[in-house]
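# Whatever this is, show me its structure:
(chains A, B, C and D)
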There are 4 protein chains.
Amino acid sequence: MSEQFFSNVEKIKFEGENSKNPFAFRYYDENKVVLGKTMKEHLRFAACYWHNFCSTGFDIFGEGTFDRPWIQPVGNQLELAEQKVKVAFEFFEKLGVPYFCFHDVDIAPEGATLQESHDNVTHIANIIEKEMQRTGLKLLWGTANLFSNKRFCAGGATNPNPDTYAYAAAQVKHAMEITHRLGGENYVLWGGREGYDTLLNTDLAQESEQYARFLKMVVEHKKKIGFKGTLLIEPKPQEPTKHQYDYDTATVAGFLHKHGLQDEIKVNIEANHATLAGHSFHHEIAVACAEGIMGSIDANRGDMQNGWDTDQFPNDVAECTLVMYEILKSGGLTTGGFNFDTKLRRQSCERDDLFIGHIGGMDTMAKALLNAAAMIEGGELADFVEKRYAGWKEDLGQSILKGEQSLESLAALVHENNIDPKQVSGRQELLENIVNRYV
Amino acid sequence: MSEQFFSNVEKIKFEGENSKNPFAFRYYDENKVVLGKTMKEHLRFAACYWHNFCSTGFDIFGEGTFDRPWIQPVGNQLELAEQKVKVAFEFFEKLGVPYFCFHDVDIAPEGATLQESHDNVTHIANIIEKEMQRTGLKLLWGTANLFSNKRFCAGGATNPNPDTYAYAAAQVKHAMEITHRLGGENYVLWGGREGYDTLLNTDLAQESEQYARFLKMVVEHKKKIGFKGTLLIEPKPQEPTKHQYDYDTATVAGFLHKHGLQDEIKVNIEANHATLAGHSFHHEIAVACAEGIMGSIDANRGDMQNGWDTDQFPNDVAECTLVMYEILKSGGLTTGGFNFDTKLRRQSCERDDLFIGHIGGMDTMAKALLNAAAMIEGGELADFVEKRYAGWKEDLGQSILKGEQSLESLAALVHENNIDPKQVSGRQELLENIVNRYV
Amino acid sequence: MSEQFFSNVEKIKFEGENSKNPFAFRYYDENKVVLGKTMKEHLRFAACYWHNFCSTGFDIFGEGTFDRPWIQPVGNQLELAEQKVKVAFEFFEKLGVPYFCFHDVDIAPEGATLQESHDNVTHIANIIEKEMQRTGLKLLWGTANLFSNKRFCAGGATNPNPDTYAYAAAQVKHAMEITHRLGGENYVLWGGREGYDTLLNTDLAQESEQYARFLKMVVEHKKKIGFKGTLLIEPKPQEPTKHQYDYDTATVAGFLHKHGLQDEIKVNIEANHATLAGHSFHHEIAVACAEGIMGSIDANRGDMQNGWDTDQFPNDVAECTLVMYEILKSGGLTTGGFNFDTKLRRQSCERDDLFIGHIGGMDTMAKALLNAAAMIEGGELADFVEKRYAGWKEDLGQSILKGEQSLESLAALVHENNIDPKQVSGRQELLENIVNRYV
Amino acid sequence: MSEQFFSNVEKIKFEGENSKNPFAFRYYDENKVVLGKTMKEHLRFAACYWHNFCSTGFDIFGEGTFDRPWIQPVGNQLELAEQKVKVAFEFFEKLGVPYFCFHDVDIAPEGATLQESHDNVTHIANIIEKEMQRTGLKLLWGTANLFSNKRFCAGGATNPNPDTYAYAAAQVKHAMEITHRLGGENYVLWGGREGYDTLLNTDLAQESEQYARFLKMVVEHKKKIGFKGTLLIEPKPQEPTKHQYDYDTATVAGFLHKHGLQDEIKVNIEANHATLAGHSFHHEIAVACAEGIMGSIDANRGDMQNGWDTDQFPNDVAECTLVMYEILKSGGLTTGGFNFDTKLRRQSCERDDLFIGHIGGMDTMAKALLNAAAMIEGGELADFVEKRYAGWKEDLGQSILKGEQSLESLAALVHENNIDPKQVSGRQELLENIVNRYV
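Numbers count the residues shown, from 1 in each chain, chains lettered A, B, ... in the order given. Presented below is the predicted three-dimensional model:
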C-alpha cells in the first residue's frame, strides 16, 4: 500500500457557505462560537471504524464494491489490521473529526481463543494509542461486538446458554477496559442479537432477567475499574432479529426504571433506528431528554420507503434542526457526540466518496446547529409552549402536581364552578411556519 | 321501532364443526370443558356498545351505511338512548356473550353540563342494570370517553389546561363509580388523545408528570370506593394523534415501574393496536405475560396492508392459537376477557351482519382455545423451551442470576476453561411445523 | 353571519424573507419572474373547497372542532351552501390563490333525486360564476364525488350493480359539464371507492373492464362537449378501501396503455398518496414525467410515522425542491397546478389557522421553485446525469436502442472484445451535497 | 465429504395427518388425486439452489452459521461446485420435489473471463444433466444472476453503461440456452438491481427504454433457439435498491402492455415480494390471474413486522388456501410451479433443518390445495360472487360493456327511471366465516 491511501485528498477545510469545493466544509467551522461554545465542542463529531474500514460494501444480494485492500479472506490478519489503523487515522485526521468509535472486532482479528482475541485487540490498541497521541484524536466510545460471530446467533446477554453469556461478559470486560485505557468518554451496549427470531423458542421473562443482571455487572465493573465515562444502550427495534428488546428509548427507559438503573445508563440514539421503530428521530431525542437519559447520537438517516437500516449520511437540515434544538434546550451533549454510523451506498465505490459523505453529514449537522441556536435565541417556540402550559404553574395545576387533589376534589371543583373547557388552537401550522423561518 | 330489532335472528346455538348454518357456532360450546374450565369461563367473551350501536358505519371519506334508527342528529336523545339499550341487550342475549363493555358516552347523551351528562349516564345505567338482571349479562369493563368531545382535542390527563384535566378526572370518577355499581370486573383507561400531534407545541416531561398523577388518583379512588376490579391501560401507538404515550405494552410496563404502579394497573391489549405499533399480537400478549400485567384483550384484527385501525373481526385461528397458548401457559385470564372491539366493514349493512361477524370471531377464539389446550397437553413446545434454557437451572446459570458473578469472575471462568460456545439450532422451522399440527 | 367571516385577516401580501408577520408571504411573490415566467404562472396555486369549507375537523375518534357555522345537520341546506360560497371566495381572494377546486357535493347539497342534486349544483354554480367574475379567480379542476354517499360504498365505475354505474356516469356527466361551463382547466377522477375491501367478494377482471369502459365514456363525452381541459386520474393505493385500483402512477400508466388511453388521460399526483403507496413524492412525479402523463399536483404531505392520509400542509422545502426540479426539467405544468388538498390539524380550530396553513404551504412551494430554478441554472445535476449515460448516445448504445442488436450479437461483442465492465461510483452522496447547496 | 451429506435423513414419505415424525409429510401425498390431477401435478414443487446450497447463513450483521463445507473463500472452486451438485441432488431426491431452480452463478464459479464463466456453467450443467437423468428431477426454471457481481451494482439491463448491458445480455443468452438444454420449463428475469438508489443520478425514461429493448431481445432469442418454456418477470418493489422497476404485478402488467409484450411474458410471484410492495400475497396472485399473466410462484413468506425479505418457509395454511383457490379457479398452473425461494433462519444451523423447513412448506401448500379444492367443490364463494355481479350479465350491464352506452345515455336512463341505487351488504364477514369452514 502506498504512503497515503487517500492520496488525492488533503485536510478538509472550512470555506464557507458559497464554496463549491466538494472537499470543503460550508458550515462546519470548528472554532466558530455558537451560544458560548465552539462548534467542535457542541457537535463532538466522531467517525466510525466499522462501516468505513471493515466493510467491502457487500449487501445481502451482492458482493463488495469498495476498494479496501486490507480486507482479505486469507493472509496475516494482524498485519492487515495494522494497515487498517494507518488508513483509519489518515482518514480521521484529514476529515478533522475530533473523535472516533469502534467495536473490539473492528480493530483486530479474532484469535483461536478468547485470550488470543484479547491479545490482538490489545496489540492494535497500542498502535491506536500512538496514533491518538500523534493526531490528538479522542475516543468517543468503544464497544464489544456480541452479534457478528456465530456463537452469538441466539444473543450474548440473553443467550439460552450461560456459557455464551459468560463469553459475552468476558468480551465486554475487555472492551470496556480497552475503552477506559484509551480515554473513551462512553461505553456502548448494542443488543443486535438480544431479542428473538421466534417466540416459539423463547422465554422472555428468563432472558429479561439475564439481561438485567448483565447490565448490573457492567455497571459494577465500570465502578470497579474507575471508568468515568457514560454507559449507553443503543435502542433498535429489529434487524437482524425479528424483535430486539431495546426496541426504542421509551422501552429502554422503562427497563432501566424497573431495574433501578435509570441513573447509571443513558441512551445512544440512532436516527435510522428511530424510524425503524415507527418514530421520528426528533421523537426519540425528545423522549430521551424528557427522561433525562440523553447520552449520545448515531447521526445517520434511513429511507422512509425502505424497511431496513440503510445508515445513510444525514442530509435533512430541517429534521436535524429540530433534533439540535431539543438537545440545546436540554443543555447540550456532555460526554456524548454525533457519531456517523453511516455507510456509503454500494455504488459509491471511489475512495474519496468516504470524505464526501462525511462532509455532507457534518455540514448538515453544523447548519442544523446554527439554525437551532437561532431558534433558541428567537424564542418563539419556547414562548408558545410556556404559555400553552401556563395553567400548570398556577394554583390548580400546582396542587394537582403536588398530589393534593383527588378525582373527588376535582369533580367537586368542576361541578361547583361549572367548568366547561373549550378547545384551543394548538397552532401547529403556525409553529411549523416559524420553524421554516430558521431552516 | 318494532318489538325486536333483529327479528330474523334467534338465539345463536352451538351446532358443531360441520354446521353450515351461518347463525350457529361451530366451535364455541359454552359448557364444553377444556383443561378443567368451561369455554365460557376461559373466554369470557364480551361485545361492545360503541362499534355495534353507536356507529353508523361512516368513515373519513363517506357517510354511514348502517341501519341504526336510534342514531339521529336531532330528537330526544335520551329516549333514543333507551331504545339503544333495548336493541343492545337483544343483541347480547341472542348472541350469547356473557359480558359487555361501554364508554360513558356510548350509553347516554352528553348534557348541557357535566352534571346533566352524569345524570343521563345514571338514568341509562338504571335501565341497563335491569337488563343485566333480566338476562344475566355482566359488565366486563366500563370506561370514560376522553377523546371524542372537542374539549379533549389536546388530551384529557395530558391536556395543557388543568381545567380540562379536572373535567377528565370528574368524568373518570363517575364512569368508575357506575362501573363499580354495575359490578364491572375491570375499569379501562384508553388514552386516545393522550399523546401529541406535534412536538413543537408539546412538553413531554410535563405531560408525563400529569399523566402519572392522574393514574395515581384513579388508583386512590378505586381503593376509596372499594372497587375490586382491575384497572387496565390500553396501549395504542398512534391514531388519532401522531403519537400516543401508551405506545405498546413494554412502554406501559416501563411507565408503571417508573411510577411504582406496576402492581396496580394491568394492560388491555388490542390485536390491531399491536400491529400498528409494529408488533405481532402474540408479541404483545407474551410481553404482558412476562411482565405480569396481562389483564384483558380487545379481540380484533388489523389489516397488514393498511396503516390504520380497521378493527376487523378476528379470523386467523393460527395466530389466535398462539395468543391463547400464551394465556393458558400463564394461568388464563382472571378478571379480563375477550372483548370484541370490532366493527363491521362499511359495506356490511345488513342488520344480521352484526351477528355473523361476532359468530366468526367467537368461533375463531374457541377453536384457538381448543388448539392451544392440545398444545399444552402435547407439551412439545414447552419441553423444547425448557431444554433450551436448561443451563440456567444449573450451577453457573443460577449463580449468575443470584448476582454471585461479575464480569471478572465470568471472564476468569472462560479463560480457565477455554469456553468456546458454538451455535445451536433454534429449530424455528421444526417448532412452526409442530404448531401447524395443532391448528 | 357577519359581513366578513375572516374579519381579522386582510389580503395576504408578500413581505420578503425576513418578515415575521404570520399573515404575509416570505417567498411567494406572484409577479416575480423565475426562468422566464412569473411565480403565479409556474405554481398555479389552488385552494380546495372540501377540507376548507366542508369539514368540521372531525376524525374517526372525535367530533368536529372547527368553527364552520354553515355546516348544520338540519336547516335549509341550499342557503347554507350559499353562505359557504361567500366565505370560500372571501378566503380565496384574501389568500391570493388564482385557482380553486371542488367536488359537486362540496358546493351544493344532494337533493331527493339526482335531478334535484344537479339543480342544486347548477344553482350554486351560478353564484360561483359571479364570484369568479368578481374576483378573477379561476377553476383549476372540478370533479364528481363518487365515494361519500352510501350508494357508492362498493364503488361507482367498479360497482357490482350496473345501476350504480349508471348513476355515477350521470353524476360525472353533470360535474364535467359544470366544470366546462366554469372554465375549468382540468377534470379529475379520484377512485376512492374503486377498489376492494375483500377479494372474497370481488371480480377483479370484471371491475377492470367496467372501469376501462367508464374512462372511455368520459373521454368521449369530453370531446362531445368540446371540453379542452385535461382529464386526470388521481392515484391512491388504499384508504378508505383496502386496495384501490389506481394504486400509483406506474399502475395508472400501465392501465392507460392497456386500454389505449395514454394520450387522453394524465395523472393528478398527491404527495400523501405517494407515501401511502410506498413511494417518495419525488418518485411519483419522476415516473409521471418519464411516462409523459404529468398533469397536476395535490400539494400536501403525509406523516411518515402514520399510515393514513393526514393531508398536512407541505413544509419540507428540500423535498419540494426536488419535485419542482423534476417538473421544471420536463417543461413545467401546463393545465395543471399545485392544489392544496390539505387539512388543518384537528386542534387548529381558529378561523385564521386556515390562512396560516396555506401561507406556509405556498411559501414552501415558492421557495422550492426558487431553489429548483437555481439548480437548473447551476446545471451540476443535469451534467452528471448526462455524462453517466453518455454511452447510450454513442454507437453501441444507439444501435441497441434502435433494435439492431440481439442477445447473440451482444454476446459476440463481449467475447470478442473481452468486455469486462467495472463498477463506477454513482456519487449519490456528492449529488446530495450539491442539492443541499440549493435548499 | 462423506458418502452422504444428509446421512441421518432418509427419503421423506407421506405418513398422514396424525404423524408426529418431523421427517414425514402429513398432507403432501404426491399421487393423491385432487380435482382430477395428482398433488404432484398441481403443486409442481421446486427447491432452489441458492438459499439451500450457496449461502452460509450470514446476514448483514453477522457471519454464516451453516455447515456448508463446499463454500470456501479459497481452493478449487470448480471441484467445490461439483461437490455441491452431489449434495443438492441428494437433498432434492430425498425431499421428493420433482423440480429445482438455479441461477448460473449458483451452480458454477465465475471465471476470469465471461467465456470461462460460461465454460464453468456448462461443465457443471453436464454433471447436473446426469443427476437429472439418474433421479428423474426436472428443471422448473433457470436464470442469470445480474445482481451479485459488483459490475452490476448499477443494474444489468438498466445500467448507464452499454457495455454492462451487453455483458448482461451475453449472460442471459447463455443461461437461457443452458435452461433450454436441461429442459427447463420456464426462464426467469429478476431485476434485483434494475431500479435506482437515488433519482438524482437516474434517467428513468432512458432506463425504461433500455429495459424494454432488453426484454424484446430475450423474447427474440427464445424464439430463435426454439425454447418453448415461459418467460417470467419476478416483481419486487425494492431491496437491494431503493426502488425496483418491476415493483409489483400491476406495474409489470402495465409495462408489458406498453411494449406489446403482454402475450410473451408472465410473472413469477413471490409471497414476500408481495408484502414488501404493500400487497397481500393473495392480491398479487389475483391480479396476475385477472391479467392473464399468472406464471409461477416463489412460495415463501415474509414477516409483517420486518421490512426486508425474510424468505421464510410458508406456514400459513389459511393464506395459502386463498392463493390456491385463486389458482385453481383460473385453471391451475401450467409451466409454473411452487418454488421454495426460502431460507432457513440463521439459527437453524443443523443440516436436517433444511428438510424440516421444506417439509413444513410442502405440507402447508398441500393442505392449502386440499382446502381450496373443497372450496371449489363447495361453491359458496363462487356463487356469491356470481350473484353479486349478475347485473352485468343482463341487458344494461352487457350494453355498457359492449360500448353501446355513453355518459349521456346513462344519465338519461337514470333520470327517466329515477334510478336511486341503495347500498347492498358485501357480506365480507360471512364470506370469511365460510372460508374458515375450509381451513
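# How about the residues of the stretch 101-250 of chain A by chain D?
By the rule CB under 8 Å from any CB of the partner chain, the part of the stretch 101-250 of chain A lying against chain D is A:147-150, A:152-154, A:192-193, A:197-198, A:238-240, A:242-243. C-beta coordinates here come from the backbone N, C-alpha and C atoms, glycine included.
# From the residues you listed, pick out the ones that also neighbour chain B.
A:150, A:153, A:154, A:197, A:198, A:238, A:243.
# The first one: what's it in contact with?
Right, residue A:150. B:422, B:423, D:62, D:63, D:64, D:65, D:349 (CB atoms under 8 Å, 6 or more residues apart in numbering or on different chains).
# residues touching residue A:184, list them.
Applying CB under 8 Å, 6+ apart, the residues contacting residue A:184 are A:139, A:140, A:141, A:142, A:229.
# you'd agree the first one is in a strand?
Yes - when DSSP: H, G, I helix; E, B strand; the rest coil is applied, residue A:139 is found to be in a strand.
# Just the pLDDT at the closest residue to it other than its chain neighbours, thanks.
Excluding the flanking residues, the one nearest residue A:139 by CB to CB, 6 or more residues apart in numbering or on different chains is residue A:184, at 4.1 Å. With respect to pLDDT, residue A:184 scores 98.
# secondary structure class for residue A:184?
Criterion first, three-state DSSP; result for residue A:184: coil.
# residues of stretch A:381-391 that come out buried?
Within stretch A:381-391, the residues scored as buried using 16 or more other CB atoms under 10 Å in any protein chain shown are A:381, A:384, A:385, A:388, A:389, A:391.
# now swap in stretch A:364-384 and tell me
Under the neighbour-count criterion of 16+ other CB under 10 Å, stretch A:364-384 has A:364-376, A:381, A:384 buried.
# Residue D:254: which of the residues you listed is nearest?
Residue D:254 lies nearest to residue A:364 out of these, by CB to CB, at 37.8 Å.
# got the contact list for the residue lying closest to residue A:38 once chain neighbours are set aside?
Counting by CB to CB, 6+ apart, residue A:38 lies nearest to residue A:31, which is 5.3 Å off, once chain neighbours are set aside. By CB under 8 Å, 6+ apart, the contact list for residue A:31 reads A:38, A:39, A:40.
# ok, now residue A:189?
Contacts of residue A:189 (CB under 8 Å, 6+ apart): A:143, A:172, A:215, A:218, A:231, A:232, A:233, A:234.
# if I look at the third one, how far off is residue A:104?
The one in question is residue A:215. Per CB to CB, to the nearest Å, residue A:215 is found 18 Å from residue A:104.
# Repeat that for the fourth one.
When CB to CB is the yardstick, residue A:218 and residue A:104 sit 15 Å from each other.
# Then the first one?
Computed with CB to CB, the distance linking residue A:143 and residue A:104 is 8 Å.
# Now the common contact residues for these two.
residue A:175.
# give me the element residue A:232 is part of.
Per DSSP states H and E: residue A:232 is located in strand A:230-234.
# Name the residues of that strand that are buried.
Quick answer for strand A:230-234 (16+ other CB under 10 Å): A:230, A:231, A:232, A:233, A:234.
# can you list these in JSON lines and add pLDDT and distance to chain B?
Putting those into JSON lines (pLDDT from 0 to 100; distance: CB to the nearest CB, whole Å) gives the following:
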{"residue": "A:230", "pLDDT": "98", "distance to chain B": "18"}
{"residue": "A:231", "pLDDT": "98", "distance to chain B": "13"}
{"residue": "A:232", "pLDDT": "98", "distance to chain B": "17"}
{"residue": "A:233", "pLDDT": "98", "distance to chain B": "13"}
{"residue": "A:234", "pLDDT": "98", "distance to chain B": "16"}
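# any idea which of these is closest to chain D?
Set against chain D, the nearest of the buried residues of strand A:230-234 by CB to the nearest CB is residue A:234 (13.0 Å).
# which regions of the stretch 1-150 of chain A lie under the pLDDT threshold?
A:1-2 (pLDDT under 70).
# Name the residues of it found near chain B, please.
A:113, A:114, A:115, A:150.
# Can you show me the helices along the stretch 51-200 of chain A?
Counting by DSSP state H, counting those that start in this stretch, one finds helices in the stretch 51-200 of chain A at the ranges A:77-95, A:104-107, A:114-135, A:162-181.
# Number of residues surrounding residue A:405?
The number of residues packed near residue A:405 is 22, by other CB atoms under 10 Å in any protein chain shown.
# quick one, the host helix or strand of residue A:267 and strand A:230-234 angle?
Using DSSP H and E, residue A:267 sits in strand A:265-270. If you take axes from the mean of the first three to the mean of the last three CA atoms, to 10 degrees, strand A:265-270 sits at 50 degrees to strand A:230-234.
# After strand A:265-270, which helix or strand is next?
According to DSSP H and E, the helix or strand after strand A:265-270 is helix A:271-276.
# now what about that following helix, what contacts it?
Here helix A:271-276 makes contact (CB under 8 Å, 6+ apart) with A:234-239, A:248, A:280-281, A:283-284, A:297-302, A:304, A:307-312, A:314, A:323, C:304-305, D:307.
# got the CA coordinates for that helix in CSV?
The C-alpha coordinates for helix A:271-276 follow below in CSV (Å, rounded to 0.1, in the frame of the first residue of the first chain):
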residue,chain,number,x,y,z
ALA,A,271,-31.7,8.2,13.7
ASN,A,272,-32.3,5.2,11.5
HIS,A,273,-33.3,3.0,14.5
ALA,A,274,-35.9,5.6,15.4
THR,A,275,-37.6,5.4,12.1
LEU,A,276,-37.5,1.6,12.1
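# per-residue pLDDT, the residue of chain A found nearest chain D?
Across chain A, the shortest distance to chain D (CB to the nearest CB) belongs to residue A:307, at 1.3 Å. Per-residue pLDDT puts residue A:307 at 97.
# Could you report the neighbour count for it?
Other residues within reach of residue A:307 by the criterion other CB under 10 Å amount to 22.
# Got phi/psi on it?
Dihedral pair for residue A:307: phi -100, psi 30, per degrees, to the nearest 10.
# Same question for residue A:20.
Backbone torsions of residue A:20, given as degrees, to the nearest 10, read phi -110, psi 10.
# That one and chain C, how far apart?
According to CB to the nearest CB, to the nearest Å, residue A:20 stands 7 Å off from chain C.
# My guess is that residue contacts residue C:437. True?
Yes - if you go by CB atoms under 8 Å, residue A:20 and residue C:437 touch, sitting 7.2 Å apart.
# who has more neighbours, those two?
Between residue A:20 and residue C:437, residue C:437 has the larger neighbour count (other CB under 10 Å), namely 17 against 11.
# Can you classify the more buried one as helix, strand or coil?
Assigned by three-state DSSP, the conformation of residue C:437 is helix.
# so how many other residues sit close to residue A:435?
Residues lying near residue A:435 (other CB under 10 Å) number 21.
# same question, residue A:24
Here the number of neighbours of residue A:24 (other CB under 10 Å) works out to 16.
# Same check on residue A:168?
Residues near residue A:168, counting by other CB under 10 Å: 26.
# Now it. Nearest residue, chain neighbours left out?
residue A:156 is the one closest to residue A:168 (CB to CB, 6+ apart), at 3.3 Å.
# again, but for residue A:105
residue A:145 (4.3 Å).
# Now do the contacts for that neighbour.
Counted by CB under 8 Å, 6+ apart, residue A:145 has contacts A:103, A:104, A:105, A:106, A:171.
# Residue of chain A nearest chain B, please.
Across chain A, the shortest distance to chain B (CB to the nearest CB) belongs to residue A:254, at 1.0 Å.
# doesn't residue B:249 make contact with that residue?
No - with contacts counted by CB under 8 Å, residue A:254 stays clear of residue B:249, the gap being 10.2 Å.
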